[in-house]
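[1] Here is the input, now give the coordinates:
(one chain, ligands or ions: 1)
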Amino acid sequence: MRKIVIAGNWKMFKTQAESQEFLLGFLPYLVETPPEREVVLCVPFTDLSIMSKNMHGTRVQLGAQNVHWEASGAYTGEISAPMLLEVGVRYVVIGHSERRQFFGETDETVNLRLKAAQSFGLTPILCVGESKQQRDAGETESLISMQLQKDLVDIDQHNLVIAYEPIWAIGTGDTCEAKEANRVIGLIRSQLSNPDVPIQYGGSVKPNNIDEIMAQPEIDGALVGGASLEPDGFARIVNYN
Ligand SMILES: O=C[C@H](O)COP(=O)(O)O
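    This next block holds a predicted model:
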């Protein structure tokens with residue numbers, strides 16, 4: 001049985017005060033959440049400590065949004081896996097398209113980050129997905145295959161989550177049709193050595209489309225950006241039917 005993982009990715013949103021206000025609104029809804037669903041919040045680095053403290057004893061797991069491949073060193077502005085572990089982080093988003101697009105992440109550095117995360121016992125959420133241009137050019141399948149091939153070299157597929165995030169669907173309200181997301185995720189699964197890796201869909205997931213997305217047989221969860229910022233809406237997503 002594959003694990004269901006619903007993760008919020010707050011990106012560069014929420015101060016510490018705002019993160020605590022979110023928790024107050026969100027946590028009460030979790031009494032309705034079926035126990036087999038893993039709920040994760042991937043928050044800015046500055047929110048990790050306080051979130052960790054105030055999520056203690058709840059079923060929500062803490063996630064970060066990036067990690068460096070060295071344990072320590074002269075890497076100004078970077079954060080290492082031991083630093084994340086110390087503040088209670090369990091998951092880390094790696095290779096998000098915003099990192100690839102705006103911060104020069106390559107498949108090679110994504111692979112290094114994945115290895116570092118796993119070697120310290122963190123569970124990476126690896127993001128893959130095509131741009132609009134690549135989709136229109138019929139390159140979706142080849143692009144994703146190449147990303148997987150390069151990103152997953154020497155990666156343990158028993159401690160891994162993958163998120164299929166078509167770039168054109170991120171933050172646009174233009175969700176990938178659920179059946180199409182299911183098809184691409186099936187394709188991703190067919191390329192894995194462990195078919196039980198949880199594979200999420202991400203890209204304009206909202207309270208009004210989560211039920212249809214989660215009804216697809218290949219989809220094991222969601223990576224949610226904008227809609228994870230608001231407690232009621234994210235609770236509706238976590239408590240999908
Ligand atoms: O990591 C989350 C994704 O980039 C999706 O963002 P979004 O739900 O705002 O489209």
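
[2] Would you mind naming what in this protein lies close to the ligand?
    Within the chain, the positions adjacent to the ligand are 9, 96, 165, 170-171, 202-205, 223-227 by Cβ under 6 Å from any ligand atom. Yep, even glycine has a C-beta here, placed from its N, CA and C like the rest.

[3] tell me which of those is nearest to the ligand?
    Proximity of those to the ligand was ranked by Cβ to the nearest ligand atom; the top entry is G225 with 2.3 Å.

[4] how many neighbours does the closest one have?
    Applying other Cβ atoms under 10 Å, we find 22 residues neighbouring G225.

[5] What segments of this protein are helices?
    Secondary structure of the chain (DSSP state H): helices at 16-26, 48-55, 81-86, 97-102, 107-119, 132-136, 140-151, 178-190, 210-214, 231-238.

[6] Tabulate the ones you listed in TSV, adding columns for mean pLDDT and mean neighbour count.
    Below are the helices of the chain laid out as TSV (pLDDT from 0 to 100; neighbours: other Cβ atoms under 10 Å):
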stretch	mean pLDDT	mean neighbour count
helix 16-26	98	16
helix 48-55	98	18
helix 81-86	98	18
helix 97-102	96	16
helix 107-119	98	20
helix 132-136	96	14
helix 140-151	97	16
helix 178-190	98	17
helix 210-214	98	19
helix 231-238	98	19
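
[7] Dump those helices to TSV, plus distance to L41.
    Output for the helices of the chain, formatted as TSV (distance: least, Cβ to Cβ, whole Å):
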stretch	distance to L41
helix 16-26	8
helix 48-55	7
helix 81-86	14
helix 97-102	18
helix 107-119	17
helix 132-136	29
helix 140-151	24
helix 178-190	22
helix 210-214	16
helix 231-238	9
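
[8] if we can go back for a sec, restricted to strands, list the residues of the chain next to the ligand.
    Of the positions in those, N9, G202, L223, V224 sit in strands, assigned by DSSP state E.

[9] bridging residues for the third one?
    Counting by DSSP bridges, L223 is bridged to A7, G202.

[10] Identify the residues contacting it.
    A7, N9, V93, I125, C127, A163, E165, Q200, Y201, G202, V205 (Cβ atoms under 8 Å, 6 or more residues apart in numbering).
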